[in-house]
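> below are the sequence and a predicted model; questions follow.
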Amino acid sequence: MTGAGRHGQPSDPQAARSPLIYVVEDDDAVARLVVGALHEFGFGTQTFRNGAAVLRQLRTERPELCVVDLGLPDIDGIELVRQIAALSSSGVLILTGRGHTVDRVMGLELGADDYMVKPFEPRELVARVRSILRRRATGSGAAPGQKRHASFLGWSLDCAANILR
């Protein structure tokens, strides 16, 4: 895990209120570009180089959004998106080099809120992050206070993705 802490000055009141974004990317140059763009627009970030590290952290901290690369060294990115959706109510933006329709459809159906293909424009990334956070803040059609996940009798329902497991 690089950038282990939440970026931003703790003494800065704005940084304390900024949404936390997890960036799951094994390419350091891409991770720096994503983090730089997010910081420029006031987002706090935490960077992870693999899926296992982000899954461990999700057990103790909930970001508002995860930006996930599908080509990770330890886990298939589509499986990671599924696990993030199962573990948390965080939004998910897939940012990957995989541009095939099947990857896009699988990612979106398994819980991603949006999908971008590399190479990408950093300003568009920020616009999509803001759009996801806005939609999630308004509930995107969900009743106020409705939880994203419900569990009963060994079943788990993802209310946002309409998936019963």
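On my side now, so go ahead.
> contact partners for the residue most central in space within the chain?
The residue lying closest to the centre of the chain (C-alpha atoms, centre = their mean) is C66, at 1.5 Å. C66 makes contact with I21, Y22, V23, V24, V54, I84, S90, G91, V92, L93, according to C-beta atoms under 8 Å, 6 or more residues apart in numbering. C-beta: built from backbone N, CA, C; applies to glycine.
> ok so it is a strand residue?
Yes - assessed by DSSP: H, G, I helix; E, B strand; the rest coil, C66 belongs to a strand.
> give me the distance between it and F152.
C66 sits 26 Å away from F152, going by C-beta to C-beta, to the nearest Å.
> ok, R32 next?
Distance from R32 to F152, by C-beta to C-beta: 43 Å.
> looking at these two, which has the bigger crowd around it?
R32 (15 against 7; other C-beta atoms under 10 Å).
> angles on the backbone of the more buried one, please.
When read as degrees, to the nearest 10, the backbone of R32 gives phi -60, psi -40.
> so what pLDDT did it get?
R32 carries a pLDDT value of 98.
> look up the closest residue to L20, ignoring the ones flanking it.
Of all residues not flanking L20 in the chain, P63 sits nearest, at 4.3 Å (C-beta to C-beta, 6 or more residues apart in numbering).
> how about the strands in the protein?
For the chain, applying DSSP state E gives strands covering 20-24, 44-48, 65-68, 91-96, 114-117, 149-152, 155-158, 163-164.
> same list, the ones you listed, but as a markdown table with mean pLDDT please.
Formatted as a markdown table, these follow (pLDDT from 0 to 100):
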| stretch | mean pLDDT |
| --- | --- |
| strand 20-24 | 98 |
| strand 44-48 | 98 |
| strand 65-68 | 98 |
| strand 91-96 | 96 |
| strand 114-117 | 96 |
| strand 149-152 | 73 |
| strand 155-158 | 75 |
| strand 163-164 | 75 |
